[in-house]
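1. what would the 3D arrangement of this be:
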Amino acid sequence: MSKRKKKEKPKRDFGVADPRHFFCDRAFIIQSKEHFLFAFQTGSVVEGQYVFTPTHAKRLMLRLQEKIAKWEEENGAAIEAELPTEE
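-> Sure thing, here's the model as predicted:
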């Protein structure tokens, strides 16, 4: 009886960032009474989906507002943005 060799998983080099895994082209947010679903898209592929309770979604919004305000203060520039039109 032969033993099967375990297939080794390739080691990931986290020293080199693959931009496809760190850049989001588009985010979709769907809400219900119980939760918010966040889907993050890169190109035509949805890379990640996360479900938040309303409380955690609010905390995410507050933290993001805080980080954007800090970035604007440090860089001396206001970020101008509009919501994209729904397709």
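2. low-confidence stretches in this protein?
-> Along the chain, segments meeting pLDDT under 70 span 1-6, 9-22, 86-87.
3. all helices of this protein, in order?
-> Counting by DSSP state H, the chain has helices at residues 54-75.
4. so where do the strands sit in it?
-> Secondary structure of the chain (DSSP state E): strands at 26-31, 36-42, 45-52.
5. now do the first one: which elements does it pack against?
-> Meaning strand 26-31. If you count contacts as 3 or more Cβ pairs under 8 Å, 6 or more residues apart in numbering; DSSP states H and E, strand 26-31 packs onto strand 36-42. To be clear about C-beta, it is placed using only N, CA and C from the backbone, and glycine gets the same treatment.
6. buried residues in the strand it packs on?
-> Buried residues in strand 36-42, counted by 16 or more other Cβ atoms under 10 Å: Phe36, Phe40, Thr42.
7. same deal with stretch 80-87?
-> Within stretch 80-87, no residue counts as buried by 16+ other Cβ under 10 Å.
8. how many residues are close by the nearest residue to His35 once chain neighbours are set aside?
-> Once flanking residues are discounted, His35 sits nearest to Val51: 5.1 Å by Cβ to Cβ, 6 or more residues apart in numbering. Val51 has 13 neighbours, counted by other Cβ atoms under 10 Å.
9. now Val51: how far from Arg63?
-> Separation of Val51 from Arg63 (Cβ to Cβ, to the nearest Å): 17 Å.
10. ends of stretch 38-52, how far apart?
-> From its first residue to its last, stretch 38-52 covers 8 Å (Cα to Cα, to the nearest Å).
11. OK, contacts around the residue nearest to His35?
-> Going by Cβ atoms under 8 Å, 6 or more residues apart in numbering, Val51 touches His35, Phe36, Leu37, Phe38.
12. quickly note the distance from it to Val45.
-> As for Val51, its distance to Val45 is 19 Å (criterion: Cβ to Cβ).
13. now swap in Phe28 and tell me
-> 13 Å.
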